[in-house]
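> Please work out how this folds:
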Amino acid sequence: MANRGCDVKRILVVGGGLIGIRHIQAVVAHPRCELVGLADPDMTIAGEHTRFPNMAEAPDNIDGAIIATPTHLHADHAIQAAKRGWHVLIEKPVTGTIRDAKRLENTLKMTGTTSLVAHHRRYHAPVQQLKSLIANGTIGTVVTASIIWAMRKPDAYFEGNWRAADGSPVMINLVHDIDTLRFVVGEIVKTTALRGASLRGTDRIESGAVVLMFENGATGTISFADTSPSPWGFEAGTGENPNIGTTHQDMMWITGTKGAVSFPSMTLWHGSDWGTSAKRTALDVAQNIRTPLDAQLDHFINVMDGAPPLIDVADAARTLTVAQEIEAQLAQQSNTPATRLAQG
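Now for the predicted structure:
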């Protein structure tokens, strides 16, 4: 294992897609990191940096690998990295299957390497503030949680790639919202999902509604669509993604026995009963000192030095389990309303 206690961590990024390039930029800009290079078979990507056609060609003296390849490759690439003694930061979803997650978890234990999974929303200061607010009982016992994620993805997003048939927003987008709910409200123990009509002329899942039951007795809903240009969604509301337009509109609403809160504005309400209007309570909203991606890299450095991960493979596998259950329910349903009604 290389340079475990060294102040500057040598990092390899694996996968040069949109998120891989953002990881490269974060590593290059970080004073405690040195970019070893990018491993990707497309040697035209990020040409100004050292390139490797695959992980096997990278040198041994690496402290950590950031796995940003397609989901079905996460487990094999992270296992390959762990066997070389490298800590791993793995993009979400953690793996393509729960079986792969278990296989990866076993390898990490065997090699003594650690993992961090890139559910980066956990690093948003307002998300952490929301978690503390709920844990402290500020709105009482949580009763309901509702999320809307709706945006129109451009047609080019689906052209000539795997997303045209297998680009469900459940595994690409909702997996983040599911993890946020787990982080803020609690474990999800049951799901029921209904599929919306497919409007792009394919069998791909495009929209739907999900009902959730939390371990603590609260219930929740998620309405989602990648065919609607709405102002509601985590990325639009927080402005976290430079590729998605910012609206600063709330997209999550949580009610409790003493009040309610909406996110990301962190608008807080308190009340007693229906005879008196709920009153807005002033709240200083936490601000991100660093971008969540940069804060996540800060934490990955600490994890390499022995700090406990905010979310490891085992934790992320629980988020994956919920997402896969929802995906499976939706996949079993027809993509046209008329057929669904005929099926009863």
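> residue ranges with poor pLDDT in the chain?
Across the chain, the stretches falling below the confidence threshold (pLDDT under 70) are 1-6, 162, 164-165, 337-344.
> all helices in it, in order from the N-terminus.
Per DSSP state H, the chain carries helices over the ranges 18-29, 74-83, 98-111, 125-135, 163-166, 169, 175-184, 234-238, 292-304, 313-331, 337-342.
> For stretch 148-160, measure first residue to last.
With CA to CA, to the nearest Å as the measure, stretch 148-160 spans 29 Å from end to end.
> Now do that stretch: everything it contacts.
163-164, 167, 169, 173-174, 177, 200, 204, 207, 222-230, 232-236, 244, 251 (CB atoms under 8 Å, 6 or more residues apart in numbering). Every C-beta, even on glycine, is put in place using the N, C-alpha and C of the backbone.
> of these, buried ones?
Buried positions within the contacts of stretch 148-160, assessed by neighbour count (16 or more other CB atoms under 10 Å), are 167, 169, 173-174, 177, 204, 207, 222-228, 230, 232-236, 251.
> I'd say G37 and M55 touch.
No - here G37 lies out of contact with M55, judged by CB atoms under 8 Å, at a distance of 10.5 Å.
> Now do the shared contacts for these two.
With contacts defined as CB under 8 Å, 6+ apart, the residues adjacent to both G37 and M55 are L12.
> ok, G37 to Q296 distance?
With distances taken as CB to CB, to the nearest Å, G37 is found 20 Å from Q296.
> next one: F224
Using CB to CB, one gets 24 Å for the distance from F224 to Q296.
> before we move on, what about R22?
With the distance defined as CB to CB, R22 ends up 11 Å from Q296.
> neighbour count winner among those two?
Set side by side, R22 and Q296 show more neighbours around Q296, with 25 against 17, by other CB atoms under 10 Å.
> Just list the residues touching the more buried one, thanks.
Contact criterion CB under 8 Å, 6+ apart gives L89, L116, A118, H120, Y123 as the residues in contact with Q296.
> In strands, which of the contacts of stretch 148-160 appear?
Those of these mapping onto strands are S207, I222, S223, F224, A225, per DSSP state E.
> which one of those is nearest W274?
Each of the ones in strands among the contacts of stretch 148-160 was checked against W274 using CB to CB; the closest is S223, at 25.5 Å.
> Show me what the closest one is bridged to.
Judged by DSSP bridges, the bridge partners of S223 are I148, A209.
> That one and G17: what is the separation?
In terms of CB to CB, S223 sits 28 Å off from G17.
> Count the residues that sit near E34.
By the measure other CB under 10 Å, the count of residues near E34 is 15.
> Surely it touches D7?
No - between E34 and D7 there is no contact under CB under 8 Å: 10.5 Å.
> Quick check: V13 touching I62?
No - between V13 and I62 there is no contact under CB under 8 Å: 10.7 Å.
> who's more crowded, these two?
Each of V13 and I62 had its neighbours counted (other CB under 10 Å), and the higher figure belongs to V13 (30 against 23).
> residues contacting the more buried one?
Counting by CB under 8 Å, 6+ apart, V13 touches G20, H23, I24, V27, L35, G37, L38, A39, A65, I66, A68.
> ditto for D100
D100 sits in contact with H74, A75, where contact means CB under 8 Å, 6+ apart.
> Could you rerun that using 6 Å?
Under the criterion of CB atoms under 6 Å, 6 or more residues apart in numbering, the neighbours of D100 are A75.
> Ok, P126 next?
Residues touching P126, when contacts are defined by CB under 6 Å, 6+ apart, comprise P264, M266, V285, A286.
> Now the second one: closest residue in space, sequence neighbours ignored.
Ranked by CB to CB, 6 or more residues apart in numbering and with sequence neighbours excluded, the top spatial neighbour of M266 is V285, at 4.5 Å.
> Hmm, that neighbour is touching P264, no?
No - here V285 lies out of contact with P264, judged by CB atoms under 6 Å, at a distance of 8.1 Å.
> So between these two, which is more surrounded?
Set side by side, V285 and P264 show more neighbours around P264, with 21 against 14, by other CB under 10 Å.
> Distance to G140 added to the contacts of P126, as TSV?
Output for the contacts of P126, formatted as TSV (distance: CB to CB, whole Å):
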residue	distance to G140
P264	21
M266	17
V285	21
A286	21
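> and the two most separated of the residues you listed?
Maximum pairwise distance among the contacts of P126 (CB to CB): 10.3 Å, between P264 and A286.
> Count residues in the vicinity of G85, would you?
When neighbours are counted by other CB under 10 Å, G85 comes out with 16.
> oh sorry, the question was meant for D7
Applying the criterion other CB under 10 Å, we find 9 residues in the vicinity of D7.
> Name the nearest residue to it, sequence neighbours excluded.
Excluding its sequence neighbours, the residue lying closest to D7 (CB to CB, 6+ apart) is R32, at 6.2 Å.
> Near the one you found, how many other residues are there?
Using other CB under 10 Å, R32 has 14 other residues around it.
> what do you get for T141?
13.
> repeat for G245
Neighbour count of G245, defined by other CB under 10 Å: 12.
> I'd like the distance between it and N288.
Taken as CB to CB, the span from G245 to N288 is 19 Å.
> end-to-end on stretch 35-45?
The separation between the terminal residues of stretch 35-45, taken as CA to CA, is 15 Å.
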